[in-house]
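Novice: sharing a model that was predicted from the sequence below.
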There are 2 protein chains.
Amino acid sequence: MTSSPTAGARPDEVRRHNRTALLRRLHVGGPCTRAALATELGLNRSTIKALVDGLAESGVVEERVPRLRSGAGRPSLLVLPRSHAAVVLAVDIRVEQVAIALVGLGGEMLARNSWNLHGRARDPDELITHVIESTRVLVDDLGVRMTGVGVSVPGVVRRRDGFVHEAPNLRWSGIPLGDRLGVALAAPVRVANDAEIAALAEHLRGAARGSLDAVYVSADIGVGGGVISDGSTLRGTAGYVGELGHMVVNPAGRACYCGSRGCWETEVGELALCRALDLPEHSPRGMVVAELRALAQRPELAAARLGEFREWLTLGLVNIVNAFGPELVVLGDLFTALPPALVAEVGAEVGRRSLVSRAIGGTRVLASAMGSDVKLVGAAELAFEPVLDMV
Amino acid sequence: MTSSPTAGARPDEVRRHNRTALLRRLHVGGPCTRAALATELGLNRSTIKALVDGLAESGVVEERVPRLRSGAGRPSLLVLPRSHAAVVLAVDIRVEQVAIALVGLGGEMLARNSWNLHGRARDPDELITHVIESTRVLVDDLGVRMTGVGVSVPGVVRRRDGFVHEAPNLRWSGIPLGDRLGVALAAPVRVANDAEIAALAEHLRGAARGSLDAVYVSADIGVGGGVISDGSTLRGTAGYVGELGHMVVNPAGRACYCGSRGCWETEVGELALCRALDLPEHSPRGMVVAELRALAQRPELAAARLGEFREWLTLGLVNIVNAFGPELVVLGDLFTALPPALVAEVGAEVGRRSLVSRAIGGTRVLASAMGSDVKLVGAAELAFEPVLDMV
């Protein structure tokens, strides 16, 4: 239930609302005929015609004869977004690497760059300067105007202004990242937690597409989660998202930097996986992934080595499903390297043990298929949100 | 972020939207001048005049000279909702008692009845029949037409149709409560989980009024929670709400009926409190409350007896705050009898241990002040939601 629509709406908002809805549909869903747009958006054909004509006139969309014609008769024209009509910058800041990309309307990556972080490169000033300079090069090369910026950060971020409260694995604290990038790049900047960004990407372009209630959880050094609830990203006070990695699952467990003991992150994060695999903590990511993939071929060894890890993963997911009631949980980052049999077992066990999952008729648990660009894709979508209102 | 407003809006929806917003403001906030309505709703005076005139003509509101006049000059008329213009039925089903009330526009309880449950009275057929008969008596006595029904149930409820999947402490399972009441009472029926209903009541008329992000948690035999996120009730797939009482906090703890071990409910519910207080499990509620109140005067004994309970309460709240990022947690039911000093200590500890609470600048934890009618109030508001669109 929406409990309090307290503000009134004026008729002059309606046209803009419809235009944004149409543009969003084309941006996320790809080319579409006018007739299909009318059906999908619940608008009549003359409204669609007026909107498409207006957008075509300003160069935001174009119309083309489809290559594959269905049946005889006059073909229905396809409406396509023009990628250069709106270009945003996506920035994915990770602990080991930064990637940036210019992404056009419709989601195509038009240009990209990335660099590894070591030594001073992780320092906020250095990193921000490098992002700004690399962006200028990309923008000049492509000859476009950038209309928005989306940034993914592995940390606790205040959405209102992109203030990074804490990003422990970057050793950042109190960095006004949104303001600094906004001033330098002269474009609106949105910064969000990386798991929230990945959840948005999965929701718009990945496994959770069409799912109103889904949770994305991922493991790196840290463990994070993003929640899609009734089709929107779930946020708390001041726009901060939850920190699912700091749910305490094992009160008798290890101390976590956050001040609690036995956080989910300490039981299922990368360091916990290293311990389970008998690797030194902080082993190179490639080695951890290789060991996990090797275990997929050896189920008995996998059961022995990952038994405890599996139990903590299950327990955390039972709690998450009992809290949010998602129909789908997408596992990202390092979790995508887990043996598929283990993921299937965890999914089945969550379905058995979660009261809410039983009520809603089950919760699917599966590994992300979006690959390592997921946060770049999500950061672009974050940037596009306000842009689609304005182009 | 709202990620996908995919449907278009038509101008003919605007007037109705404004009318509902105005009515909701009067219903929840009470009498208000036209000028203040215009300011609060962001609408111009002529729109407000047209809406109020229309509502007055159909007998939904009236205008009166205020008793207290501010300054000289012509007094501004107050717009008041007329309670008999829309009357709903609120039903609060608890483990020990059922209460029903007819509630008018503006929130006034116009008539009420309640009865205790023992023996066969808890049987779904008996209980439903009793609710229907008692309602008919109240409606006849008052001579009103009932335009909606809201029902609070201590269980797992599918919001779409009011199907009670499971209500363990009533020993109910698979009861089509919404459909059965709807047919018998010939009015739209909404059924929801009791903690969700209480959260709604606190949000509209209690401690969480004006708070966009708040969580209500309460203890009875079961422990439940309701989440207000960005001003609306949080729900998962198919409208089921989360079951915060079945978050596992102590994997080494007692078996719970849900299939997990060490659920929050098993550590902080009424039975856990009985054990902490050295009372037999299932002691009368009055005795548990009396013991808790007595401890408020004896801090050392309280610390000794409730130390472990306090730790589990804190741990569960840290997890809840880390998951949802609320600025406020309201403790209900049996938790309202906890020594105030203990509640204060728990609140301070949650603020220290929750990463998210530290980021958002703290989370207040306080006991509900709405008393035992909270679920009846919430059930009425649930019933009013669609009604305000239509009166």
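Specialist: Perfect, I can see it now. These figures come from a predicted structure and were not determined experimentally.
Novice: contacts for whichever strand or helix holds residue A:288, please.
Specialist: If you go by DSSP states H and E, residue A:288 is part of helix A:285-295. With contact meaning C-beta atoms under 8 Å, 6 or more residues apart in numbering or on different chains, helix A:285-295 is reached by A:96, A:270, A:273-274, A:277, A:279, A:301-302, A:305-306, A:334, A:337-339. C-betas here are computed from N, CA, C, even on glycine.
Novice: got the phi/psi numbers for residue A:191?
Specialist: Dihedral angles of residue A:191 (phi, psi; degrees, to the nearest 10) stand at phi -120, psi 140.
Novice: now, of the contacts of helix A:285-295, which are buried?
Specialist: Buried residues within the contacts of helix A:285-295, counting neighbours by 16 or more other C-beta atoms under 10 Å in any protein chain shown: A:270, A:273, A:274, A:277, A:279, A:302, A:305, A:306, A:334, A:337, A:338, A:339.
Novice: and stretch A:338-355, average pLDDT?
Specialist: Averaging pLDDT along stretch A:338-355 gives 96.
Novice: just the helices in chain A please.
Specialist: A:12-29, A:34-41, A:45-57, A:124-142, A:177-185, A:194-205, A:264-268, A:270-276, A:285-295, A:299-324, A:340-353, A:355-360, A:374-387 (DSSP state H).
Novice: in terms of secondary structure, what does the second one contact?
Specialist: Helix A:34-41 sits against helix A:12-29, helix A:45-57, with contacts defined as 3 or more C-beta pairs under 8 Å, 6 or more residues apart in numbering or on different chains; DSSP states H and E.
Novice: which residues does it contact?
Specialist: Helix A:34-41 has contacts (C-beta under 8 Å, 6+ apart) with A:18, A:21-22, A:25-26, A:32, A:43-45, A:47-49, A:52, A:76-77, A:79, B:6-8.
Novice: mind running it again at 10 Å?
Specialist: With contacts defined as C-beta atoms under 10 Å, 6 or more residues apart in numbering or on different chains, helix A:34-41 is touched by A:18, A:21-22, A:24-26, A:29, A:32-33, A:43-49, A:51-52, A:63, A:76-79, B:6-8.
Novice: related to what we said a few turns ago, ok, which of the helices and strands packed on helix A:34-41 comes nearest residue B:108?
Specialist: helix A:12-29 (35.0 Å; C-beta to C-beta).
Novice: any part of that closest one near chain B?
Specialist: Yes. Using C-beta under 10 Å from any C-beta of the partner chain, helix A:12-29 reaches chain B at A:12-15, A:17-22, A:24-25, A:28-29.
Novice: got it, and stretch A:154-164?
Specialist: Yes. Using C-beta under 10 Å from any C-beta, stretch A:154-164 reaches chain B at A:155, A:156, A:157, A:158, A:159, A:163.
Novice: got the buried residues for that stretch?
Specialist: Buried residues in stretch A:154-164, counting neighbours by 16+ other C-beta under 10 Å, are found at A:154, A:155, A:156, A:157, A:158, A:159, A:161, A:162, A:163, A:164.
Novice: so how far is residue A:88 from the second one?
Specialist: Spelled out, that is residue A:155. Residue A:155 sits 21 Å away from residue A:88, taking C-beta to C-beta, to the nearest Å as the criterion.
Novice: burial count for the closest residue to residue A:377 other than its chain neighbours?
Specialist: Spatial nearest neighbour of residue A:377, chain neighbours left out: residue A:201 (4.3 Å); criterion: C-beta to C-beta, 6 or more residues apart in numbering or on different chains. Per other C-beta atoms under 10 Å in any protein chain shown, the neighbour tally for residue A:201 reads 29.
Novice: who's in contact with residue A:201?
Specialist: Neighbouring residues of residue A:201 by C-beta under 10 Å, 6+ apart: A:152, A:208-209, A:216, A:226, A:330, A:332, A:368, A:370, A:373-382.
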